[in-house]
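A.B. asks: Using only what follows, build the 3D model:
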Amino acid sequence: MVNIRRATIDDLFAMQNANLTCLPENYQMKYYFYHILSWPQLSFVAEDHKGRIVGYVLAKMEEDPGQPPHGHITSIAVMRSYRKLGLATKLMRQAQRAMEETFDAEFVSLHVRKSNRAALALYENTLNFKIYETEAKYYADAEDAYAMRMPLKKKTAIDKPQSEKPK
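C.D. replies: You can find the predicted model right below:
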């Protein structure tokens, strides 16, 4: 059994380990501290029956002038042996709910590699994100990213949706 709960400072090393194990984009520990200290309500972990962190979502609120309040998913990872159990969906939904309830966020954004078909399927088909735009050479290895958005409130229109689909 896996439990989803709010992340704490004590979880940061395990979250970073999951990031290093699962993803090509890695962050220094101070970035995890920045998130957990600035927005402690928004990051969550998936913990197995032995108390091991097997997944996480690292999230924050964006402070863009002229934009409505909105959240951003900085990073999400689930250890390989725990994939296909719906943990990423549960982690994302917890973060989204916290963004809306705590900060009255109108939408949530994220970036995903154009080549990451599994993540794209999760974001588009399960979580109802839409491609907002393509950001050229977004990643350190110069791969393009899709900037994606999902409304959290029924009245929120996500302007400028892009019809470009992965090839």
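A.B. asks: which residues touch the longest helix seen in the chain?
C.D. replies: Under DSSP state H, the helix in the chain containing the largest number of residues is helix 87-103. Helix 87-103 is contacted by residues 2, 4, 41-46, 54-57, 59, 61, 69-71, 73, 76, 78, 105, 108, 122, 126-127, 150, 152-153 when judged by CB atoms under 8 Å, 6 or more residues apart in numbering. From N, CA and C alone the C-beta is placed, and that goes for glycine too.
A.B. asks: cutoff 7 Å now
C.D. replies: 2, 4, 41-42, 44, 46, 55-57, 59, 61, 69, 71, 73, 76, 78, 105, 108, 122, 126-127, 152 (CB atoms under 7 Å, 6 or more residues apart in numbering).
A.B. asks: what ranges do the strands span in this protein?
C.D. replies: Listed in chain order, the strands of the chain (DSSP state E) span 3-6, 44-47, 53-62, 70-78, 107-113, 130-135, 145-151.
A.B. asks: export these to CSV and tack on mean neighbour count, distance to residue 28 and mean pLDDT?
C.D. replies: Formatted as CSV, these follow (neighbours: other CB atoms under 10 Å; distance: least, CB to CB, whole Å; pLDDT from 0 to 100):
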stretch, mean neighbour count, distance to residue 28, mean pLDDT
strand 3-6, 13, 22, 96
strand 44-47, 24, 19, 96
strand 53-62, 23, 13, 95
strand 70-78, 24, 13, 94
strand 107-113, 21, 18, 95
strand 130-135, 16, 22, 94
strand 145-151, 21, 20, 95
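A.B. asks: Turn these into CSV, including distance to residue 98.
C.D. replies: Listed next are the strands of the chain as CSV, based on distance: least, CB to CB, whole Å:
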stretch, distance to residue 98
strand 3-6, 8
strand 44-47, 8
strand 53-62, 8
strand 70-78, 8
strand 107-113, 10
strand 130-135, 21
strand 145-151, 14
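A.B. asks: nearest to residue 27, of the ones you listed?
C.D. replies: strand 70-78 (7.1 Å; CB to CB).
A.B. asks: same for the closest one, what does it pack against?
C.D. replies: Under the contact definition 3 or more CB pairs under 7 Å, 6 or more residues apart in numbering; DSSP states H and E, strand 70-78 sits against helix 12-22, strand 53-62, helix 87-103, strand 107-113.
A.B. asks: mind listing what's buried in the first one?
C.D. replies: In other words, helix 12-22. 12, 14-16, 18-19, 22 (16 or more other CB atoms under 10 Å).
A.B. asks: now this structure, which segments are flagged as low pLDDT?
C.D. replies: Within the chain, the segments meeting pLDDT under 70 span 154-167.
A.B. asks: one more time with 90, if that's ok
C.D. replies: 1, 17, 19-29, 31, 63-68, 83-84, 118, 139-140, 153-167 (pLDDT under 90).
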